[in-house]
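Enquirer: Below are the sequence and a predicted model for it; my questions follow.
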Amino acid sequence: MYETILFEASDGVGRLVLNRPERMNGMTNRMLVETHDCLEAVAKRGDVRVLILTGAGRGFCPGADLKHYAAGEADVKSTAEHFRVPLFLHRMPQVTIAAINGACAGAGFGWACACDLRFAARSAAFNSAFLNVASAGDMAGPWSLPRLVGAAKARELYFLPDKFYADDALAMGLVSRVYDDATLASEVDAIAERLAGASPHALRIMKQNFLDAETMDLATYINVETERHTQVMAHDDAKEAFKAFVEKRPPKFGTRTQ
């Protein structure tokens, strides 16, 4: 279905791979459009509970493929709607994970910041990069990044776009964990499988709680959270989880998310 990305899903986990390894997965219009369209479709799927975003080969995504654009080779037309990829990554019902396996800069940096969780290979390198090429930036980094590392650090990373590495990203709270390059994929797969094995209903409600908490005052949020908590506890998944705990066995959840 796609030329610049790969997508597969099984056992509740979807994997979207940016697939231009010969260019370190540098972004083109086609990659932007295809990623947008893929995420839009996945967001509607009840059988996918976790989405992993990663890159093929040695790179995650270093941002726009400047050689491609400098040559005037825009492959397809993109619109403002396609730039809403970070919105999908942040707000889609699935838990989104960036498995950062290499260079992560520019637009790719923005996409990683928009995910719910970020895990990095030890050799991964990061850079906002925009100002280095006379760009003010896109992909919502100035919205996402301050929420991860704080307002002052986010401004520093954008106004002074120097390269930094996985251990630096871990220290500032940009990524949650750093793994050896050879084990990143398997470690992230294990985390995704663990999440996919949780109650699909509770998992979706938990993500929605975090989204609502970003925009609601505390009193309003507590009212919404309490109402949802009551609904979740009456769901079949909660009943099964309680029974499994008492019987000392793993719970067996259905696929119903409502």
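Expert: Received the coordinates, thanks. Keep in mind that what you see is a predicted model, and the values were worked out from it rather than measured.
Enquirer: could you pull out the strands for the stretch 101-250 of the chain?
Expert: Under the criterion DSSP state E, counting those that start in this stretch, strands of the stretch 101-250 of the chain are mapped to 103-105, 117-121, 125-127, 164-165, 177-179.
Enquirer: Show me what the first one is in contact with.
Expert: Same thing as strand 103-105. For strand 103-105, the external contacting residues (C-beta atoms under 8 Å, 6 or more residues apart in numbering) are 24, 58-63, 112, 120, 124-129. Every residue, glycine included, has its C-beta placed from N, CA and C.
Enquirer: I figured residue 97 hits residue 115, correct?
Expert: Yes: the criterion here is C-beta atoms under 8 Å, and residue 97 meets it with residue 115 at 6.0 Å.
Enquirer: what about residue 94, distance to residue 41?
Expert: Residue 94 sits 12 Å away from residue 41, going by C-beta to C-beta, to the nearest Å.
Enquirer: what about those two, which has more around it?
Expert: residue 94 (26 against 13; other C-beta atoms under 10 Å).
Enquirer: Tell me where the model's unsure across the stretch 101-250 of the chain.
Expert: Filtered on pLDDT under 70, the stretch 101-250 of the chain yields no residues whatsoever.
Enquirer: how about the helices in it?
Expert: Remark: helices assigned in the stretch 101-250 of the chain by DSSP state H, counting those that start in this stretch are 106-114, 141-149, 151-159, 166-171, 184-196, 200-213, 218-233, 236-247.
Enquirer: Could you work out which of these reaches nearest to residue 12?
Expert: Ranking the helices of the stretch 101-250 of the chain by proximity to residue 12 (C-beta to C-beta) places helix 184-196 first, at 3.3 Å.
Enquirer: Off-centre distance for the closest one?
Expert: How far helix 184-196 lies from its chain's middle: 13 Å, per C-alpha atoms, centre = their mean, to the nearest Å.
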